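Peer 1: Quick one, fold the following:
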Amino acid sequence: MSLVAACPRCREVVEPVERGAQCPLHGTIPALWLPREPSYAEFTEHLRVSGDFPTYLPWPMSPGWAVTEFGVVTARSGRPMATITCCSGTSELDGPVDAFVVAEEAGVGLGARCAGLVGDDPGAELGEGPPPIKVRIGSQTTPLWTVSTSGTHGEFDRSVFAGEAAGRWLWLALRPASAMLLLRDDWILRDVSGVGVPLVEMPFGGPRPGW
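Peer 2: Below is the predicted model:
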């Protein structure tokens, strides 16, 4: 496999073990498999490993934007448990923007890491009140609620939303926090696991986001 192992819950350097990883903070865990450099060839490997598990990207991608990060978490059995993508570009109001999308089973912790949260899942208050944003996935409209980042270790530098899609957590994180205004437009997410040839035309590369 050309992808490299990382921890889905933190940025610590891990030691690969059989079908997993050894993290100094979290012990033996399912591995997060990241590309050495984001490219079409690495992305095809990502899709091979993630199989039928959805990998979501904003679709169509805005002109001048590129895929700058992606990854898949697998159980020790090889079963995919989570995916993450990041698309980066610029907006007129915010300058450089990173847009992360995470789909995961409960308890993986990948979305929480992306959001900068302590814990594994969005929190018990999720779903209270009307959802501030909605995204479209296929023919379905998916409501997303604001996830508080006031308890994060770092600075308040991102806006985070979460909800449920196809029985899994769906996270959307935008950095800087003001980039949430981009969501005033209708956002469409597409599961690209079965897109095939059109992915050749997608732009990859650029500075990788720190997360």
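Peer 1: from the middle of its chain, how far away would stretch 34-41 be?
Peer 2: 15 Å (C-alpha atoms, centre = their mean, to the nearest Å).
Peer 1: Determine how far the last residue of that stretch lies from the first.
Peer 2: End-to-end span of stretch 34-41 (C-alpha to C-alpha, to the nearest Å): 13 Å.
Peer 1: where does Cys86 land in three-state SS?
Peer 2: strand (DSSP: H, G, I helix; E, B strand; the rest coil).
Peer 1: so it bridges to which residues?
Peer 2: Glu69, Phe100 (DSSP bridges).
Peer 1: check contacts around it.
Peer 2: 67-70, 98-101, 209, 211 (C-beta atoms under 8 Å, 6 or more residues apart in numbering). For glycine as for every other residue, the C-beta is placed from the backbone atoms N, C-alpha and C.
Peer 1: can you do 7 Å?
Peer 2: Cys86 sits next to 68-69, 98-100, 209 when contact means C-beta atoms under 7 Å, 6 or more residues apart in numbering.
Peer 1: How far away from the center of its chain is stretch 137-150?
Peer 2: The mean C-alpha position of stretch 137-150 is separated from the chain mean by 13 Å, C-alpha atoms, centre = their mean.
Peer 1: If you count neighbours, what's buried in it?
Peer 2: For stretch 137-150, burial by neighbour count (16 or more other C-beta atoms under 10 Å) applies to 137, 142-147, 149.
Peer 1: Kindly report the same for stretch 112-121.
Peer 2: For stretch 112-121, using 16+ other C-beta under 10 Å, the buried residues are 112-117, 120-121.
Peer 1: Any idea how far apart the tips of it sit?
Peer 2: Using C-alpha to C-alpha, the two ends of stretch 112-121 sit 6 Å apart.
Peer 1: Kindly state the pLDDT recorded for the closest residue to Ala75 other than its chain neighbours?
Peer 2: Among residues not flanking Ala75 along the chain, Pro30 sits closest, at 5.1 Å (C-beta to C-beta, 6 or more residues apart in numbering). For Pro30, the pLDDT comes out at 96.
Peer 1: Now do the contacts for Pro30.
Peer 2: 8, 20, 73-76, 81.
Peer 1: could you flag which of those are buried?
Peer 2: 8, 20, 73-74, 81.
Peer 1: Let me know the closest of these to Gly163.
Peer 2: Distance to Gly163, by C-beta to C-beta, is smallest for Met81 among those, at 18.2 Å.
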